[in-house]
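Q: no sequence for this one, just the structure:
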């Protein structure tokens with residue numbers, strides 16, 4: 001990760017304009033999930049930590065990965081779909097997963 005971000009903008013120039021990011025007018029922050037942070041050098045631990053970033057709550061940074069374990073069974077179906085159908089199918093399944101989390105939230109409160 002800490003090496004990956006260094007050349008990101010140079011690589012983005014090779015993408016079609018529709019796939020690029022207007023990084024000059026936006027603030028882009030890079031982080032390392034807390035579980036992986038201790039394996040990095042001290043400088044990286046400070047620069048890429050969620051803990052030292054304004055407006056970031058207490059989180060571990062692994063939440064985006066959690067959804068993929070739930071969606072992996074869809075791979076067999078989506079690999080034969082066209083891009084539009086694939087996107088709609090994944091949107092439906094992620095939406096269902098988010099709905100189940102929202103509905104179950106009340107049960108997790110004291």
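A: The structure has been received and is ready for your questions. Everything numeric here is computed off the predicted structure, so don't read it as measured data. Numbers count the residues shown, from 1 in each chain.

Q: Would you mind identifying the next helix or strand past the lowest-mean-pLDDT helix or strand in the chain?
A: Least confident helix or strand of the chain, by mean pLDDT, DSSP states H and E, is helix 63-71 with a mean of 75. Counting by DSSP states H and E, the next helix or strand C-terminal to helix 63-71 is helix 75-78.

Q: Counting by contacts, list what that next one packs against.
A: Contacts defined by 3 or more C-beta pairs under 8 Å, 6 or more residues apart in numbering; DSSP states H and E place helix 75-78 against helix 83-108. Every C-beta, even on glycine, is put in place using the N, C-alpha and C of the backbone.

Q: So residue 29 sits against residue 54, correct?
A: No. If you go by C-beta atoms under 8 Å, residue 29 and residue 54 don't touch, sitting 9.8 Å apart.

Q: out of those two, which sits in the busier spot?
A: Using other C-beta atoms under 10 Å as the criterion, residue 29 and residue 54 rank with residue 29 on top: 11 against 5.

Q: List the residues that contact that one.
A: Shown in contact with residue 29 (C-beta atoms under 8 Å, 6 or more residues apart in numbering): residue 53.
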